[in-house]
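Participant: Kindly return the folded structure for what I paste below:
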Amino acid sequence: MSEHHPTRKAVIIGGSMAGLFSAIALRKAGWDVEVHERVPVALSGRGAGIVTHASLFAALRAMEITVDDSIGVPTTGRVVLDPRGAAMAQLDLPQILTSWSKIHEIASEALPDVLVHRGKTLVRYEETDTGVVAHFDDGTSAAGDLLIGADGFRSTVREQMLPDTRTSYAGYIAWRGMVNEADLSERARDEMFPYFAFCLPEGEQILGYPVAGEGNDMRPGHRRYNFVWYRPADDAQLADLLTGTDGVTYDLSISPLLMRPEHVAQMRDAANKLLAPQFAELVAKTQTPFIQPIYDLSVTEMANGRVVLLGDAAFVGRPHCGMGVTKAAEDAVALAEALSNPDVTVAQALADFDALRRPVDYRVVEHARALGAYMQAQVLTEREKLAAARHRSPEAVLRETATADFLESDSKLFERF
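Facilitator: Have a look, this model is predicted:
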């Protein structure tokens with residue numbers, strides 16, 4: 001950085017994927033950064049399984065984040081199981097499956113821990129003539145040339161920047177869980193573990209794939225199998241599911257430890273009636289299943305002045321694309337590229353970033369919405385049901401779920417950065 005261009009500083013709200021990625025990418029572009037995370041302890045170990053894409057690895061390379069074979073468990077193909085557990089459709093599609101905690105771990109290792117300030121809850125921000133200031137609930141503040149809202153789908157930054165923007169409930173939830181490989185029957189290990197597997201009850205979908213075991217253990221016999229089971233739930237049913245053992249009805253999500261036993265028992269009973277035996281076994285052997293209500297979120301702008309939204313703070317796509325972490329990484333690289341020229345004002349750089357990324361992120365949300373539409377049969381018109389049916393066949397599910405074929409990343413961006 002020349003003497004005519006003093007180092008600029010970014011204040012980042014949120015220490016999850018988008019926050020860490022943006023900090024790493026901006027440091028590489030010559031910025032000073034500091035990350036402020038609401039949770040007072042390290043986030044490692046949280047989250048469930050995730051799918052990787054070539055574009056995710058391209059973004060990680062652009063940020064010079066080292067990835068080796070320990071990143072995840074490879075699968076060679078996909079299979080759809082019928083209600084009896086027999087394979088009714090298959091597809092050769094090599095893919096690497098990993099976990100949220102593993103990606104967060106390697107991102108955390110790429111950023112000095114001294115730059116992450118935990119236990120910092122944003123109250124508000126204010127723009128000044130020369131920068132932007134973040135104010136926290138402990139009375140402290142942080143000033144910089146740029147404020148990044150990477151604080152997830154409950155974003156406080158978005159609430160101030162776009163107060164009329166709200167998440168929209170999709171009309172169904174996902175039950176999620178993991179089972180140790182060693183706890184599975186021989187049949188389940190042989191017929192599911194090598195694959196990204198699916199089962200398609202009427203109006204529902206369950207999928208599963210292998211991930212590393214505790215402590216990122218990749219050894220056969222020590223891994224885990226992750227499942228996601230999409231089930232319709234209207235507003236009243238959702239409110240019931242979000243009412244915990246403490247009697248409190250929670251907003252948007254609920255801790256697994258507060259799930260009421262009768263809900264878990266009902267879910268396990270439904271698994272025995274509706275799912276292939278291999279999947280029913282997974283559900284039965286999951287010690288702490290949890291629910292993920294499915295929401296949509298799209299913003300009308302990602303940037304305003306010196307403030308920008310990244311990742312789930314701006315766009316929340318249903319999990320069918322498996323693009324959440326990839327989207328966050330690509331947002332971060334694109335932002336750093338836009339801000340890499342010190343002769344361009346922050347406001348102009350953010351406007352350029354918005355023009356580049358908002359259409360892409362919007363497409364991710366809309367594609368995920370289309371893939372999940374058939375889980376909303378109770379609210380669809382006949383025309384919408386016909387459109388949703390295009391994504392319902394076993395062949396379509398195998399081809400479209402958690403792939404990025406619909407969206408070509410800008411490889412030139414990663415080559416330049």
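Participant: Only C-alpha atoms from now on, for both contacts and neighbour counts.
Facilitator: Fine.
Participant: Can you give me the domain boundaries for the protein?
Facilitator: Per automatic domain parsing, the structural domains of the chain span 9-67+102-167+296-374, 69-98+169-295.
Participant: For the stretch 101-250 of the chain, which segments count as strands?
Facilitator: For the stretch 101-250 of the chain, applying DSSP state E, counting those that start in this stretch gives strands covering 116-118, 122-127, 132-136, 141-144, 146-149, 168-180, 195-199, 205-211, 224-232.
Participant: about what we covered before: pick the most buried one from the domains of the chain.
Facilitator: Mean neighbours per residue, mean count of other C-alpha atoms under 10 Å, is largest over the domains of the chain for domain 9-67+102-167+296-374, with a mean of 20.
Participant: Quick one: end-to-end distance for that one.
Facilitator: Start and end residues of domain 9-67+102-167+296-374 are separated by 46 Å (C-alpha to C-alpha, to the nearest Å).
Participant: quick one, which of the domains of the chain is nearest to Arg390?
Facilitator: Each of those has some distance to Arg390 by C-alpha to C-alpha; the shortest is domain 9-67+102-167+296-374, at 8.9 Å.
Participant: can you list the weak-confidence ranges in the stretch 51-200 of the chain?
Facilitator: Scanning the stretch 51-200 of the chain for pLDDT under 70 picks out nothing.
Participant: still on that earlier bit, now the domains of the chain as JSON lines including distance to Ala396?
Facilitator: Below are the domains of the chain laid out as JSON lines (distance: least, C-alpha to C-alpha, whole Å):
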{"stretch": "domain 9-67+102-167+296-374", "distance to Ala396": "9"}
{"stretch": "domain 69-98+169-295", "distance to Ala396": "10"}
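Participant: if we compare the ones you listed, which one ends up closest to Leu398?
Facilitator: Leu398 sits nearest to domain 69-98+169-295 of all the domains of the chain, at 6.5 Å, using C-alpha to C-alpha.
Participant: Kindly give the local confidence score, pLDDT, for the closest residue to Pro201 other than its chain neighbours.
Facilitator: Nearest residue to Pro201, sequence neighbours excluded (C-alpha to C-alpha, 6 or more residues apart in numbering): Leu274, at 6.2 Å. Looking at Leu274, its pLDDT is 97.
Participant: Against Met267, how distant is Leu274?
Facilitator: Separation of Leu274 from Met267 (C-alpha to C-alpha) stands at 10 Å.
Participant: Tell me who's in contact with the residue nearest the centre of the chain.
Facilitator: Geometric centre of the chain, nearest residue: Gly324, 3.4 Å, by C-alpha atoms, centre = their mean. Gly324 is in contact with 311-312, 316-317, counting by C-alpha atoms under 8 Å, 6 or more residues apart in numbering.
Participant: residue contacts, the closest residue to Pro289 other than its chain neighbours?
Facilitator: Nearest non-adjacent residue to Pro289, counting by C-alpha to C-alpha, 6+ apart: Gly177, 4.8 Å away. By C-alpha under 8 Å, 6+ apart, the residues touching Gly177 are 48, 226-228, 283, 286, 288-290.
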